[in-house]
Structures are given as structure tokens and as C-alpha cells.
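1. sequence? don't have it. structure:
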């Protein structure tokens, strides 16, 4: 069975074992997000997902290699506690040990290419440029993330000088440069979007924002309310110190020049964001979302997977009829 619909791993709360299991049970490929989870929590999430499904699912791991950055001045200027800043590798080695002991069907890596690349099961690597794709040797598949995507950019090195390439253009460029299966990500929110990337050469389509309003997603109420609106998205480092796309809010607009300082700024703003979520204050926590977020639908995730596959089939048939005219 080709699991064309892939649920993107969304760290920080939206991704849950219930969501991953529901997507996999419906014929898609669900994903757990290991980011910001401890190794112990990841082990618990794996066990819970296996309790809920006997179908394949994946786990995404952060593989960043940034150097420590002093953010004391920035934290003080923003009225936050600079003592909260710290550098970690997100328990990378411990998480790999958990995955070696209990391997899922797919392990994907974001923010870089691990050295050496672990071959726990099927291994995917996120790329945002042709150069990254060429350098991702050894990967079983590449997640080709276009600039429309919500959440953190999967780029290996965060930098101000960059070219933001859309999903279809990047997919075509990467397809011409490497010969491995490609998973398209970014701006895909309905069946027509899935059909478009399959026609462009992808073997699968990864959707994130499309699942944020489903019943099983851990999306908090204030976040859900903003997703349903046609709010403008923008790229920002104001929440984590790493470039990410989210629905623009007050905090994002007030700090357009946030420095490249991941994960230090992530920890500096963590308490503020947690309190804002608890208070329902959508102006002071990250609202990660792709450019097509307003197309997200409510209801059970499994029903959404089935609907997306039906829509994709209809879109491909319509395209075929247009070609035959």
C-alpha cells in the first residue's frame, strides 16, 4: 500500500499519538514529532501510538548543529529572563537510542544531515535547496520543503542570505538533480494540492496545517480560532531564534529583527508562550501555519485522509480529461 498522504510532524503540541495513529489507520502515514520531547517522553509516545495502531508510522528528529549564542541583551530588551537561555542538542543521542530499541517504519531528520546518517529503518532527510538535496547522500527519501510550509524551515543552516523557493519549483529542481523518492511539503492542504505534487514527480505529499484542526490534533483553542481565519503568514525568528512561518501576531510583528539564536531564544520565550497558551492569548505564542492554512478542515483525522485521497483522485482525473480535449 502506497501511503501517499503523510501527516507532517508538528512539534510543540499539535502532533500526538492519537493523530499519528488515526492518519495511519486511514491509509496515510502518521508522524510523531520528537522535537522538544525528552527521550523518555518519546518512548512513551511510541508505546501509545503502537497501542492505537498496528500500521506504519514515522518519527521526526531534530538534527541541528548550531553554535551557542549569547542572547542576554535580546532577552532583557524583550522583558524576558535571560537566565532561561540554554543550548541543547534536544537529547539527540538518547532519542536515537530509543528509536534503535523500538524502530518505527520511518525516521526523518530536520535541520541537517546527521553524521553518520543512522539507518534505523527507512530514513528521510528534509531539504530546502538543491545543494542540500545533493549532499543528502544515503537518505532513502528526501522531504522537499517549499517556502509555503508552516513551522520551522528545515534548512540545514539558518541564514539571512537565502532564496525562498516554492514547493513546485523546488520539487522540479531537486527531481532533476537527484534520483531518490521525493516527499513534497509546503502549501499542500487539499486533494488538488496532493495531485499537483504527484504530477510534478513526488511519491508522497506531506501536509501539516491541514491536520491542525482535526479532532486528534493537540492544537489549543486560541490557535484553532486563528487557523480558521484568512490571516496573513510571515517568516519570523521572534519565537525560537530560527526562521519559521506562522500567522502574524503582535509578538511576531514587534520583533522583525530577531537574531539567529536557536535554540537559546526558544527557551527564553518558552515560559511566555506557555502562559499565553494557557490564557488563550494568541498574540504572544507562535501560530505556526503554512500559506494555505485557511483550507484546514475540522473533524476526525481519518475522515480527512480519506477525503483528501478522494479529492486527489478526482483532481488527477480532471487533469487527464483536460489533456484529452
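-> Thanks, I have the structure now. Since the structure is predicted, the reported quantities are computational estimates derived from the model, not experimental observations.

2. output the below-cut-off pLDDT ranges for this structure.
-> By pLDDT under 70, the weakly predicted segments of the chain are 1.

3. show me where it has helices.
-> Using DSSP state H, the helices found in the chain span residues 17-25, 39-52, 72-77, 92-101, 130-135, 167-177, 191-199, 221-227, 250-254, 264-268, 270-279, 301-324.

4. of all those, which lies closest to residue 107?
-> helix 92-101 (5.8 Å; Cβ to Cβ). Backbone N, C-alpha and C define where each C-beta goes, glycine included.

5. which other helices and strands does the closest one contact?
-> Packing partners of helix 92-101 (3 or more Cβ pairs under 8 Å, 6 or more residues apart in numbering; DSSP states H and E): helix 39-52, strand 57-62.

6. make TSV out of those and add distance to residue 265.
-> Shown next, in TSV, are the helices and strands packed on helix 92-101 (distance: least, Cβ to Cβ, whole Å):
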stretch	distance to residue 265
helix 39-52	22
strand 57-62	15
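
7. what's the closest non-adjacent residue to residue 23?
-> Of all residues not flanking residue 23 in the chain, residue 30 sits nearest, at 3.7 Å (Cβ to Cβ, 6 or more residues apart in numbering).

8. rewinding a little: most packed of the helices and strands packed on helix 92-101?
-> strand 57-62 (a mean of 25; mean count of other Cβ atoms under 10 Å).

9. tell me which other helices or strands it touches.
-> Counting contacts by 3+ Cβ pairs under 8 Å, 6+ apart, strand 57-62 packs against helix 17-25, strand 30-33, helix 39-52, helix 92-101, strand 106-110.

10. please identify which of these is closest to residue 281.
-> Ranking those by proximity to residue 281 (Cβ to Cβ) places strand 30-33 first, at 23.4 Å.

11. what lines up beside the closest one in the sheet?
-> Note on strand 30-33: by DSSP bridges, its sheet partners are strand 57-62 (parallel).

12. one step back: of all the helices and strands packed on strand 57-62, which lies closest to residue 184?
-> Using Cβ to Cβ, the nearest of the helices and strands packed on strand 57-62 to residue 184 is strand 106-110, at 13.8 Å.

13. could I get the helices of the chain as a markdown table with distance to residue 150?
-> Output for these, formatted as a markdown table (distance: least, Cβ to Cβ, whole Å):
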| stretch | distance to residue 150 |
| --- | --- |
| helix 17-25 | 15 |
| helix 39-52 | 21 |
| helix 72-77 | 24 |
| helix 92-101 | 23 |
| helix 130-135 | 19 |
| helix 167-177 | 12 |
| helix 191-199 | 14 |
| helix 221-227 | 10 |
| helix 250-254 | 13 |
| helix 264-268 | 17 |
| helix 270-279 | 16 |
| helix 301-324 | 16 |
